[in-house]
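> Here's a sequence, model it:
(2 chains)
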Amino acid sequence: MDDITILETVERYIRGEMNPDERLFFENLRKTNTDIDQLVVEHTLFLQQMDRLGEWKKFRSALHDVHTDLADQGKINSVKQTGKAKVLYLWKRYKRVAAIAACIAGITTLMISALVWIFSPKTPTAEFDKLKGKINVIEDKTKEQDRELSKIKNTIKAPVNPIVYTTGGTGFIIDTKGYLVTNAHVVEGAHNIAVQNSKGDFVARVVFTDVKKDIAILKIDDESFKPYSSVPYSISKLSAELADPIFTLGYPRNEIVYGQGYLSAKTGFNGDTLSCQIEIAANRGNSGSPILNNSGEVVGILNGRQTNTEGFAFAIQAKHIYSVLDELKKDSTYQKVKISSKSSIAGLDRKQQVKKIEDYVYQVKVN
Amino acid sequence: MKPANDEKALLQGLAASDKKSVETIYRDNYNMVQSLIINNNGSADDARDIFQEAMIVLYEKVRSGTFELNCQIKTYVYSVCRRLWLKRLQQLNRYSSPIEDLEGVISVEEEVEEHERRNAEFEMMDKAITGLGEPCKSLLEAYYLQKQNMQVIAANFGYTNADNAKNQKYKCLMRLKKLFFTHYKNGNSDG
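Numbering: from 1, shown residues only, chains lettered A, B, ... in the order given. Okay, here's the model as predicted:
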């Protein structure tokens, strides 16, 4: 018997396919031959296992078939997941992953923000502060400039519009075309000059100054100024005599003021031969006022007073006006300046004289 | 609630691989198990696998002849499925909130473990047969699993006579038995 036949026989024995005689013979063989016996036991186990495997596989495929059948018949819920079930399933399945991912994302975001916050240069805020400071500085500067500007504006405004005249004196007409005489110290350092009396207010300019003689010649330079037809008084070439009665008209204030007195000395302050001393009430603003005698001749120009004394003043002798005019006439433009040498008010009483004269006396305003 | 007699009849039918009984048990219990699986992080495919495993557990159990069901089939199937699914989740490292039980649960720890051991054996065997390659695989399956006659097999496989087929089958069987007993011994010594 070869191996194949032995195995076949064993299988037939295990399956109970032998007839009783054969079976008896084989059982005897098993008792005598241990190899055969071993083979029978072994193969029995194997066949059992194979049978069970067969059944297992069969049952599995049967279950599969049943499942498919039942699903087709709709007796169990469909295998296919659709719509809500699918979403629900996916959600249930991945919610943990989603939660973890969300956590990680959140933490990462926070960390990145933190890192950016920590490591990003702090300078922006500092710069910002600096800028703020700068702005403050600039603001301050601007304020300063504003103040400065307003100051300047004020100072500029003063002369320009409207001009505020800070100092003043008196002047009187010597020529019908609008030439006036006043003291040089009245118009000293003047930028703008205006002359004013009851006739009106006119802009004037300095055409000549003689500081030594303290005489200045002004000219009214104003379109609204109408030339006089004549000048009522004359300028005396002679020195006045002591005790000669004199009077004056001037603007110690914005009103024309009359004053009278007499010539008290032929020389001026400290024996100044240019001027003379007069006994008259004089105030600031009287500088440049004409000093006239009874016959309506200008004998002097009031130019000052001794500070520590009251009641007398000094006047420049009128003859010096001529010498100044001579100097002025060297300029060809002023050759036509003419001084009336004859007073037209000589015979009139003092009131009449003053009335005639007052239109020719101006307040000189200077800044 | 079904009368206990009905359930007994169903189990007898199952032991005999009666298709009607299998279908009835299947139909009565599948939806419950599917809800369990889907509500606990599984898919419908998972539900089918798990339920069929449970069916096999029950099948093996009733076939062993010593099985006495002390509860409803429903409770038993549910308990087995629950146990199997928890194990599967553990293996997959898939998170699951604690299962909210729809049914009463009985302890099926032993059954499940036995089932797994048996499954491992069958799978090993199946793998061994597949590993033999053709024509051994088909030849052995036809003879031992489908219990076909050697003459039929010879005709089907194109052998000139049954002896040649037997000769071939013998060679295949020797290879398989060698594989089987090597593993069987190893499995036993391991176990």
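
> just the strands in the stretch 201-350 of chain A please.
Listed in chain order, the strands of the stretch 201-350 of chain A (DSSP state E, counting those that start in this stretch) span A:215-220, A:234-235, A:245-250, A:257-265, A:275-279, A:290-293, A:297-305, A:312-317.

> Which among the ones you listed is found nearest to residue B:19?
Residue B:19 lies closest to strand A:215-220 among the strands of the stretch 201-350 of chain A, at 142.7 Å (C-beta to C-beta). For every residue, glycine as well, the C-beta is placed using N, CA and C.

> How far off centre is the closest one?
47 Å (C-alpha atoms, centre = their mean, to the nearest Å).

> try stretch A:284-298
On C-alpha atoms, centre = their mean, the centre of stretch A:284-298 falls 57 Å from that of its chain.

> got the buried residues for that stretch?
The neighbour-count check on stretch A:284-298 (16 or more other C-beta atoms under 10 Å in any protein chain shown) flags A:285-293, A:295-298 as buried.

> Between the two ends of that stretch, how far is it?
Its start and end residues considered, stretch A:284-298 measures 20 Å (C-alpha to C-alpha, to the nearest Å).

> I'd like the average pLDDT over that stretch.
Averaging pLDDT along stretch A:284-298 yields 87.

> in chain B, which spans are helices?
B:4-15, B:19-39, B:44-63, B:73-92, B:109-132, B:136-140, B:150-157, B:162-190 (DSSP state H).

> Most proximal residue of the stretch 251-367 of chain A with respect to chain B?
Across the stretch 251-367 of chain A, no residue is closer to chain B than residue A:367, which sits at 99.0 Å (C-beta to the nearest C-beta).

> before we move on, the earlier item: go through the buried residues of stretch A:284-298 and name the one nearest residue B:24.
residue A:285 (139.6 Å).

> tell me the contacts of the residue lying closest to the closest one once chain neighbours are set aside?
Leaving aside its chain neighbours, residue A:285 sits nearest to residue A:252 (4.0 Å; criterion: C-beta to C-beta, 6 or more residues apart in numbering or on different chains). Residues near residue A:252 by C-beta atoms under 8 Å, 6 or more residues apart in numbering or on different chains: A:282-286.

> quick one: the host helix or strand of residue A:70 near chain B?
Per DSSP states H and E: residue A:70 is located in helix A:34-73. Yes: part of helix A:34-73 sits near chain B under the criterion C-beta under 8 Å from any C-beta of the partner chain, namely A:42-43, A:45-47, A:49-60, A:62-64, A:66-67, A:69-70.

> Would you mind listing which of those residues are buried?
Buried among the residues of helix A:34-73 next to chain B (16+ other C-beta under 10 Å): A:43, A:46, A:49-50, A:52-57, A:59-60, A:62-63, A:66-67, A:70.

> Show the pLDDT at the nearest residue in space to residue B:46 that is not next to it in sequence.
Closest residue to residue B:46 apart from its sequence neighbours, by C-beta to C-beta, 6+ apart: residue B:37 at 5.2 Å. pLDDT, residue B:37: 83.

> likewise residue B:95?
pLDDT at residue B:95 comes out at 60.

> Report the residue ranges of every domain in chain B.
B:4-108, B:133-190 (automatic domain parsing).

> can you check chain A too?
According to automatic domain parsing, the ranges for chain A are A:3-71, A:123-162, A:167-366.

> returning to what we had before: for the residue nearest to residue B:46, what are its contacts?
Contacts of residue B:37 by C-beta under 8 Å, 6+ apart are B:43-44, B:46-47, B:50, B:81, B:85.

> Neighbour count and distance to residue A:335 added to those residues, as CSV?
Listed next are the contacts of residue B:37 as CSV, based on neighbours: other C-beta atoms under 10 Å in any protein chain shown; distance: C-beta to C-beta, whole Å:
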residue, neighbour count, distance to residue A:335
B:43, 19, 129
B:44, 19, 132
B:46, 21, 132
B:47, 24, 135
B:50, 23, 138
B:81, 28, 140
B:85, 25, 135
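
> Name the nearest of the residues you listed relative to residue A:245.
So of the contacts of residue B:37, ranked by how close each gets to residue A:245 (C-beta to C-beta), first place is residue B:43, at 140.9 Å.

> Quick check: phi and psi at the closest one.
phi -110, psi 180 (degrees, to the nearest 10).

> Give the full set of residues in contact with whichever residue of chain B sits closest to chain A.
Of chain B, the residue with the smallest distance to chain A, taken as C-beta to the nearest C-beta, is residue B:145 at 3.7 Å. By C-beta under 8 Å, 6+ apart, the residues touching residue B:145 are A:50, A:53-54, A:57-58.

> Recalculate using a threshold of 6 Å.
Residues near residue B:145 by C-beta atoms under 6 Å, 6 or more residues apart in numbering or on different chains: residue A:54.

> go on, the one 4 residues further on?
Shown here is residue B:149, which makes no contacts under the criterion C-beta under 6 Å, 6+ apart.

> Could you do the one 10 residues further on as well?
By C-beta under 6 Å, 6+ apart, the contact set of residue B:159 is residue B:165.

> On the pLDDT front, check it for me.
81.

> Pull up the gap between the residue in the stretch 101-250 of chain A positioned nearest to chain B and residue B:112, please.
Closest residue of the stretch 101-250 of chain A to chain B, C-beta to the nearest C-beta: residue A:101 (13.4 Å). Residue A:101 sits 34 Å away from residue B:112, going by C-beta to C-beta, to the nearest Å.

> Kindly report the same for residue A:183.
136 Å.

> With neighbour numbers in mind, choose between those two.
Legend: neighbour count by other C-beta atoms under 10 Å in any protein chain shown for residue A:183 and residue B:112, higher for residue A:183 (26 against 21).

> Please list all residues in contact with that one.
A:214, A:287-288, A:303.

> residue ranges with poor pLDDT in chain B?
B:1-4, B:94-104, B:184-191 (pLDDT under 70).

> Not counting its own residues, what contacts stretch A:353-365?
A:165, A:168-169, A:171-173, A:182, A:186, A:194-197, A:199, A:232, A:249, A:251, A:256, A:258, A:296, A:345.

> Name the residue closest to the centre of the chain, please.
You didn't say which chain, so I picked chain A. Nearest residue to the geometric centre of chain A (C-alpha atoms, centre = their mean): residue A:142, 5.4 Å.

> Chain B is the one I meant
Short answer for chain B (C-alpha atoms, centre = their mean): residue B:56, at 4.4 Å.
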